[in-house]
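Asks: I would like the atomic coordinates for the input below:
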Amino acid sequence: MAGRAVGKRKKLRIGWFTFTCCEGCATVFVELMNDHFKEWREQIDFRHCRILKSKNDMRGMDLAIVEGAIASKDDVDKLKTIRRNAKRVMIVGSCAINGMPAALRNNFDAKKMKEIQPILRKFGHLPKVEPVVKFIKVDSQVPGCPMSDKMFLAELGGYLAEFGVKSAPGE
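Replies: This next block holds a predicted model:
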């Protein structure tokens, strides 16, 4: 560990971002924090996590975790900013992976679509709600609605190992 200050351990710099969804993955994440708080406080630097703190900074993230589907031009712009500021991006939950169920309006009939057009225009919504992968490259995904907690822990463990925060299982 040449070059590192004695007693100073590297932490995984993460951000958690929520777009259009039920926020079930964020709920699972908070529940996982209840179980893993002692180890994670030594391993993780929450750079951006609005569910935990009010002052956030997405610059210099090792890992961005994104839940939810993309519904507006503003969402697309923010998502691209997240990608530029993160070395890796993990998407979690069905909405981020395939757009559903957040993309239910994509299946509305012509009458219902005409009825909601003023709302879509007012809030700058895209013609269709889309999954994250339509707009950026992602490095991993955790399926489920909400996400699988076991798969999330395995993916997070892989990133902790990749970024030198802890050894990979079996090492």
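
Asks: Can you report phi and psi for the nearest residue to residue 23 once chain neighbours are set aside?
Replies: Leaving aside its sequence neighbours, residue 23 sits nearest to residue 67 (CB to CB, 6 or more residues apart in numbering; 7.2 Å). Where you see a C-beta, it was placed from the backbone N, CA and C, and this is true even at glycine. Dihedral pair for residue 67: phi -120, psi 150, per degrees, to the nearest 10.

Asks: Is residue 67 in contact with residue 94, as I believe?
Replies: No: taking CB atoms under 8 Å as the definition, residue 67 is not a contact partner of residue 94, at 9.6 Å.

Asks: and the two? which has more neighbours close in?
Replies: Per other CB atoms under 10 Å, whichever of residue 67 and residue 94 has more neighbours is residue 67, with 30 against 26.

Asks: how near is that one to residue 107?
Replies: Distance, residue 67 to residue 107, using CB to CB, to the nearest Å: 21 Å.

Asks: Quick one: low-confidence residue ranges for this structure.
Replies: For the chain, residues meeting the criterion pLDDT under 70 lie at 1-9, 167-171.

Asks: Strands along that one, start to end?
Replies: For the chain, the strands defined by DSSP state E cover 12-18, 44-49, 61-67, 70-72, 86-92, 125-130, 140-142.

Asks: what's the angle from the helix ranked longest in the chain to strand 44-49?
Replies: Taking DSSP state H as the criterion, the chain has its longest helix at helix 24-43. Comparing the axes of helix 24-43 and strand 44-49 via axes from the mean of the first three to the mean of the last three CA atoms, to 10 degrees yields an angle of 140 degrees.

Asks: so who does the residue nearest to the spatial centre of the chain touch?
Replies: Nearest residue to the geometric centre of the chain (CA atoms, centre = their mean): residue 66, 1.5 Å. When contacts are counted by CB atoms under 8 Å, 6 or more residues apart in numbering, residue 66 touches 17, 18, 19, 79, 82, 89, 90, 91, 92, 96, 132, 138.
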